[in-house]
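**Q** This is a predicted model, with the sequence first.
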Amino acid sequence: MTHPRHALQRSSTMRALLFSSQHYDQESFTKAAGGTALELHFQPARLTLDTAALADGFEVVCAFINDELDAPVLQRLAAAGTRLIALRSAGYNHVDLAAAQRLGLAVVRVPAYSPHAVAEHAVALILALNRRLHRAYNRTREGDFTLHGLTGFDLHGKTVGVVGTGQIGVAFARIMAGFGCQLLAYDPYPNPELLALGARYLPLPELLREARIISLHCPLTEHTRHLINAQSLAQLQPGAMLINTGRGALVDTPALIDALKSGQLGYLGLDVYEEEAQLFFEDRSDLPLQDDVLARLLTFPNVIITAHQAFLTREALDAIAATTLDNINRWAAGNPQNLVMG
């Protein structure tokens, strides 16, 4: 962003606090930080205005996707000495960039880590939904070895719509091409790699009408928020499959319930959820689920929801840690990279 700080003296030690850190973050970041002067501190709490005081005196705050980085939080961080927000993610829709610029906070991100991790998870959801693996797993564990209700379909020859054709979308498209699928794509900026796979770029309404399977891989912006809504769901082939491993707010979640009840939507795989911030990455198994929309979705047998784990591979974690630490060190040296510009 703007306002890069002066280079630190070689003898100084920077302190960085990682909010929303899990055990796997500690492992990957500790390994990647070996031999550096960076002092890492790990905080499992999510960054909010109530927890921002934990970062007092930390020059660097390292935040994840569900941490709050709105104007009040950024102002609180800046007042207590924070100068850099280092995101452990590619997306930055949760950051008030105008406020960061006004406060002189630099914001850096991880533009790419392992597109294969997310793409392969999307494919895993497709296969599990299609072949009813979640239902078969539960059934056989209870001694029921019948096959009724488990009929799937061949992926070969089916039409797959890829919404968003950046690195993850391309990785996903390559896998589906390997299954022998026909590829459709939607993106304001056509990618030659998709065209080389034989994909046809179409306007979104046409893609939704033609594709049997639709997978979302686009960033969350003001233009893509609720890209999938009641109107667009009505354009699907009856019984179509929808996969979202991008951002929860790409989908108007309550509209999914009506589409599932009518059969217009035949399969749904979600790794992200618009209201996930208060739920995901925590064990809430002993508590009643307060989110009525999510609770209703979990009752459908043709729905699989995972808790934002698509990124969770060893390769992706190592890449996130390495890039984040490199971002911090380059910023400290006065040579910032991967800045998020407002």
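**A** Happy to help now that I have it.
**Q** what ranges of the stretch 201-342 of the chain fall below the confidence cut-off?
**A** 342 (pLDDT under 70).
**Q** meant to ask about the stretch 1-150 of the chain
**A** If you take pLDDT under 70 as the line, the stretch 1-150 of the chain has these spans: 1-12.
**Q** Could you tell me how many residues sit around residue 182?
**A** Around residue 182 there are 18 other residues, counting by other Cβ atoms under 10 Å. No exception for glycine: its C-beta is placed from N, CA and C like everyone else's.
**Q** Could you tell me how far residue 155 is located from residue 163?
**A** 18 Å (Cβ to Cβ, to the nearest Å).
**Q** higher neighbour count, these two?
**A** Under the neighbour definition other Cβ under 10 Å, residue 155 and residue 163 were set side by side, and residue 163 has more, 26 against 19.
**Q** which parts of the helix or strand hosting residue 322 are buried?
**A** Secondary structure assigned from DSSP states H and E places residue 322 in helix 314-332. Neighbour-count burial for helix 314-332 flags 316-332 (criterion: 16 or more other Cβ atoms under 10 Å).
**Q** Repeat that for stretch 72-79.
**A** Those would be 73, 74, 75, 76, 77, 78, for stretch 72-79 by 16+ other Cβ under 10 Å.
**Q** so which helix or strand takes in residue 280?
**A** Using DSSP H and E, no helix or strand contains residue 280.
**Q** how about the nearest residue to it, chain neighbours excluded?
**A** residue 307 (4.5 Å; Cβ to Cβ, 6 or more residues apart in numbering).
**Q** ok, that neighbour to residue 42 distance?
**A** In terms of Cβ to Cβ, residue 307 sits 20 Å off from residue 42.
**Q** Would you mind telling me which of those two has more residues around it?
**A** Remark: of residue 307 and residue 42, residue 42 carries more neighbours, 17 against 14, as counted by other Cβ under 10 Å.
**Q** so that one touches residue 27, yeah?
**A** No - taking Cβ atoms under 8 Å as the definition, residue 42 is not a contact partner of residue 27, at 10.3 Å.
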